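*Asks:* Build me a model from this:
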Amino acid sequence: MKKITGSKWAHEPWHRTMFSYKIKKKLFEKKTKFQLLEEFETEGCGNLMALDGCFMLTDMEEFVYHDMIVHVPLYSHPNPQDVLVIGGGDGGTVREVLRHKTVKRVDFAEIDDEVFKAALKYHKGLVGWVGDKRVNYCFSDGCEFIKNKKKEYDVIIIDSTDPVDIGEGLFTMEFYKNVKEALKPGGCMVAQTEDPFYDAEFLLRGHNKIKNTFKNSAMYLAYIPTYPSGCWSFTFGSDSITPDKIRNKKSGRINTRYYTPELHMGALALPKFVQDLIKTGKSVIEVKGKKAKKK
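*Replies:* From the prediction side, this is the model:
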């Protein structure tokens with residue numbers, strides 16, 4: 001288990017880079033059953049959560065990630081009612097899903113309930129939805145949870161950690177096939193698929209397996225300052241629909257902070273080096289080391 005280093009600054013070294021937040025104090029540390037969980041109070045960015053030495057979110061910046069992992073698939077689906085969130089223990093993804101008035105049920109399958117408990121104490125802005133009766137708490141391994149689900153969900157969101165250790169099973173063909181079987185006809189899924197600069201190998205691992213599982217797949221990007229390089233990818237998959245059309249009119253216009261319908265379309269326009277990466281499997285940046293980051 002890696003740990004955040006530094007006292008006045010919290011440091012996260014990543015390959016040949018270093019990312020830091022200036023901190024006021026450390027709030028919490030606990031070795032859970034699965035990982036090392038740390039919380040810090042930063043100067044200017046709110047509270048900071050880290051898992052196994054990797055920054056997960058700050059209060060100031062979390063909305064970017066959560067907007068983009070949720071609203072792209074939920075606006076692409078014409079009428080999302082039943083949604084499964086795998087991972088996302090901080091609660092931010094569930095928060096955004098519940099903002100869609102079409103949604104009637106959210107199954108929340110997070111393996112480490114200690115992450116959710118920390119969010120309840122240190123990130124209250126992420127969990128204001130607690131008490132919403134549409135949410136079913138399913139604290140369990142997402143790989144096991146989904147095995148026996150057949151045609152239950154309109155949208156499945158995989159808000160995973162790194163494709164290593166406890167997150168590794170969420171990047172396998174077996175898992176994606178189970179996701180496909182759990183979707184209703186017309187359903188779609190999305191997964192975070194890492195960083196195209198420093199984690200190209202892991203980006204391709206997730207993207208290619210989703211591409212080989214579903215008839216339609218597409219990658220899109222968002223700028224997330226909490227993560228090294230700031231450039232983060234998501235991959236959409238469906239046998240029926242594509243993400244290049246906003247079909248959900250019933251949810252209306254939600255007052256988001258990052259997502260807009262225009263950005264939805266623009267995020268699908270990939271930089272040339274990412275297009276080449278997907279096409280050739282070759283990264284423009286040579287990076288030593290195998291362990292990937294994050295969320």
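*Asks:* quick one: the strands in the chain?
*Replies:* Counting by DSSP state E, the chain has strands at residues 9-14, 17-31, 36-42, 47-51, 54-58, 82-87, 105-109, 135-137, 153-159, 183-192, 216-223, 231-238.
*Asks:* Tell me which of the ones you listed lies nearest to Tyr259.
*Replies:* Within the strands of the chain, the stretch nearest Tyr259 is strand 216-223; the backing value is 9.0 Å (CB to CB). Yep, even glycine has a C-beta here, placed from its N, CA and C like the rest.
*Asks:* Using neighbour counts, pick out the buried residues of the closest one.
*Replies:* Using 16 or more other CB atoms under 10 Å as the test for burial, strand 216-223 gives 216-222.
*Asks:* which outside residues touch it?
*Replies:* Residues outside strand 216-223 that contact it (CB atoms under 8 Å, 6 or more residues apart in numbering) are 64-65, 67-68, 72, 193, 196, 207, 210-211, 230-244, 258, 267-268, 270-271, 274, 278.
*Asks:* Grab the CA positions of it and hand them over as CSV.
*Replies:* Taking Å, rounded to 0.1, in the frame of the first residue of the first chain, the C-alpha atoms of strand 216-223 are listed here in CSV:
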residue,chain,number,x,y,z
ASN,A,216,-20.9,0.3,-30.6
SER,A,217,-18.1,1.9,-28.6
ALA,A,218,-16.6,5.4,-28.3
MET,A,219,-14.0,7.1,-26.2
TYR,A,220,-14.4,10.6,-24.8
LEU,A,221,-12.1,12.9,-22.7
ALA,A,222,-12.4,15.4,-19.9
TYR,A,223,-9.9,17.7,-18.2
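*Asks:* That strand relative to strand 183-192, how many degrees between them?
*Replies:* Strand 216-223 runs at 30 degrees relative to strand 183-192, counting by axes from the mean of the first three to the mean of the last three CA atoms, to 10 degrees.
*Asks:* what lines up beside strand 216-223 in the sheet?
*Replies:* Strand 216-223 sits in its sheet next to strand 231-238 (antiparallel), going by DSSP bridges.
*Asks:* How many residues are close by the nearest residue to Asp154 once chain neighbours are set aside?
*Replies:* Closest residue in space to Asp154, ignoring its immediate chain neighbours: Pro80 at 4.5 Å, by CB to CB, 6 or more residues apart in numbering. Using other CB atoms under 10 Å, Pro80 has 25 neighbouring residues.
*Asks:* same check, this time on Thr17
*Replies:* Neighbours of Thr17 under the rule other CB under 10 Å: 12.
*Asks:* before we move on, back to that, shouldn't the residue nearest to Asp154 be in contact with Val155?
*Replies:* Yes: in this structure, Pro80 is within contact of Val155 by CB atoms under 8 Å, at 4.8 Å.
*Asks:* Now for those two: what residues contact both?
*Replies:* By CB under 8 Å, 6+ apart, the residues touching both Pro80 and Val155 are 73-74.
*Asks:* for the closest residue to His66 other than its chain neighbours, what are its contacts?
*Replies:* Nearest residue to His66 in three dimensions, chain neighbours excluded: Gly92, at 3.9 Å (CB to CB, 6+ apart). Gly92 is in contact with 57, 62-63, 65-66, 123, 126, counting by CB under 8 Å, 6+ apart.
*Asks:* swap the cut-off to 6 Å and go again
*Replies:* 62, 66, 126 (CB atoms under 6 Å, 6 or more residues apart in numbering).
*Asks:* Give me the buried positions along stretch 27-43.
*Replies:* 27, 32, 34-42.
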